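A.B. asks: model the following, please.
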Amino acid sequence: MLRTPVRFWALVLLLSSACSSSACSTTGAGKADSAPAPAPPSSEDGGALSEGGSATAPDGPGPLDAAPLGPANLRIMAANTTSGASQSYDPGEGIRIFQGLKPDVVLLQEFNYGTSSDADARRMVDLAFGTGFSYFRETGAQIPNGIVSRFPIAESGTWTDPAVSNRGFAYAKITLPGARALWAVSLHLLTSSATDRDREAAAIVAQVKSIVPEADFLVVGGDFNTSSRAEQCIGTLAQIVVTEGPFPDDGHANDNTSGPRTKPHDWLLADGDLAARRVPTAIGQNQFPAGLVFDSRVYAPLLDVAPVQVGDCAAPGMQHMAVVRDFSIL
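C.D. replies: Reported below is the predicted structural model:
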C-alpha cells in the first residue's frame with residue numbers, strides 16, 4: 001500500500017473539527033499491509049504475557065458508546081517523570097502526576113520502581129493507575145521503556161535500539177473498544193547527538209513499516225531528547241506519524257518539556273488516522289486545543305489534578321514534563 005503524504009494529514013487535521021457529526025476515519029501512513037505475529041500465550045491468571053515484564057488485566061473495560069469526534073474517549077500520555085538520584089518513580093512525584101492526569105494509555109520511560117521486579121512494577125501500576133490496568137516493561141534494561149494501558153494488551157515486546165544497549169523500543173498492541181487496535185511505541189532516544197537520534201528513528205520506521213498493519217492506529221512517543229522541533233529524527237519519523245504542529249503546550253504558549261522548559265525533549269505523535277481524531281484536552285474548566293504539557297508550577301487550579309503538588313515538576317532529579325493528548329476514537 002502506498003504511503004500517504006504527510007501534507008495530506010495536515011489538511012485532515014485542519015478539517016477534522018468540522019466532522020463532529022460523522023466519522024472521519026482514514027488510513028495511516030507507511031505501515032505494514034500484513035497482520036502481525038499471533039499474540040503471546042496467556043498467564044495463569046488470564047493475562048497475556050510477552051518478552052519482558054508484562055501483565056494484562058484479565059477483565060478489560062466494556063465498549064464505549066459511538067461518538068466520532070465527539071467527547072474524548074482516549075487519553076494518551078508520554079512521560080519521563082522519574083525523580084531523585086536513581087531514575088525511578090520511587091520518590092512519588094511522577095506517580096502523583098499519573099494519578100492527577102488519569103491517562104488511558106501511557107508511554108513510559110525509565111520504568112523503574114522498588115527493586116525493578118515484576119511484582120514491584122505491578123505495584124507501581126496499581127498505585128499510579130489502578131488494578132485494572134495492563135502493562136509491558138522491558139526486562140534486562142537499566143532504564144526500561146514500557147507501556148501502561150487501561151485497555152487489554154494483546155501483544156508486546158521490544159525492538160532493538162541500534163545505538164544503545166541499556167534499553168530498546170518498547171511496543172504494545174492494545175485492544176481498543178471498536179474495530180481498530182492501537183500500536184503504542186515508547187522511545188527514549190540518546191542524548192549523544194542528533195545523528196544518533198536519527199539512526200534510532202530510522203530503525204523505528206523500519207519496524208513499524210514491516211509490522212504494524214495499515215488499518216491500525218499508531219502512536220509513537222516519549223523522551224526524544226531533541227533540542228529543536230526541526231531535528232532530522234523528526235523528519236524521519238514523519239514517514240509513519242504526523243510531526244507538524246500545533247503542539248501540546250502548558251496553556252501559556254510554552255511547548256518545551258525539559259526541566260527548565262527550554263527544549264522540546266518529549267513528543268507524542270499519532271499516525272494520520274488517529275491524529276485526525278484529536279480533540280481538545282479538557283481538565284476541569286481548562287481546554288488545551290492541541291494537548292497539554294503538564295507543569296505543576298504553572299497549571300491552575302491544582303485541585304483539578306489532585307493529588308499533584310505545586311513543586312512536583314521541580315522535584316530534585318525530575319526528568320521532564322509529561323505530554324497529554326486526547327482523542328475521540330469511536
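A.B. asks: just for this structure, where's the confidence low?
C.D. replies: Scanning the chain for pLDDT under 70 picks out 1-30, 33-70.
A.B. asks: the helices in it, which residues?
C.D. replies: 6-15, 93-101, 118-128, 194-211, 232-237, 272-275 (DSSP state H).
A.B. asks: let me have the ones you listed in JSON lines, adding distance to Phe136 and mean neighbour count as columns.
C.D. replies: Heads up, the C-betas are built off the backbone N, CA and C, glycines and all. JSON lines is the format used below for these (distance: least, C-beta to C-beta, whole Å; neighbours: other C-beta atoms under 10 Å):
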{"stretch": "helix 6-15", "distance to Phe136": "28", "mean neighbour count": "15"}
{"stretch": "helix 93-101", "distance to Phe136": "16", "mean neighbour count": "22"}
{"stretch": "helix 118-128", "distance to Phe136": "10", "mean neighbour count": "18"}
{"stretch": "helix 194-211", "distance to Phe136": "15", "mean neighbour count": "19"}
{"stretch": "helix 232-237", "distance to Phe136": "21", "mean neighbour count": "20"}
{"stretch": "helix 272-275", "distance to Phe136": "20", "mean neighbour count": "26"}
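A.B. asks: Ala154 is nearest to which of the ones you listed?
C.D. replies: Ala154 lies closest to helix 194-211 among the helices of the chain, at 13.4 Å (C-beta to C-beta).
A.B. asks: elements contacting the closest one?
C.D. replies: strand 153-159, strand 169-175, strand 181-188, strand 217-223, helix 232-237 (3 or more C-beta pairs under 8 Å, 6 or more residues apart in numbering; DSSP states H and E).
A.B. asks: pull the distance from that helix to the chain's centre.
C.D. replies: 17 Å (C-alpha atoms, centre = their mean, to the nearest Å).
A.B. asks: that helix versus strand 217-223: what angle between them?
C.D. replies: 160 degrees (axes from the mean of the first three to the mean of the last three C-alpha atoms, to 10 degrees).
A.B. asks: residues contacting the residue most central in space within the chain?
C.D. replies: Residue closest to the mean C-alpha point of the chain, counted by C-alpha atoms, centre = their mean, is Leu107 at 3.5 Å. Residues in contact with Leu107 (C-beta atoms under 8 Å, 6 or more residues apart in numbering) are 76-79, 145, 147, 184-187, 219, 221-222, 268.
A.B. asks: go again using 6 Å as the cut-off
C.D. replies: 78, 184, 186, 221-222 (C-beta atoms under 6 Å, 6 or more residues apart in numbering).
A.B. asks: next, format the residues you listed as JSON lines and append distance to Ile97 and neighbour count.
C.D. replies: Below are the contacts of Leu107 laid out as JSON lines (distance: C-beta to C-beta, whole Å; neighbours: other C-beta atoms under 10 Å):
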{"residue": "Ala78", "distance to Ile97": "12", "neighbour count": "32"}
{"residue": "Ala184", "distance to Ile97": "19", "neighbour count": "27"}
{"residue": "Ser186", "distance to Ile97": "17", "neighbour count": "32"}
{"residue": "Gly221", "distance to Ile97": "16", "neighbour count": "25"}
{"residue": "Gly222", "distance to Ile97": "15", "neighbour count": "28"}
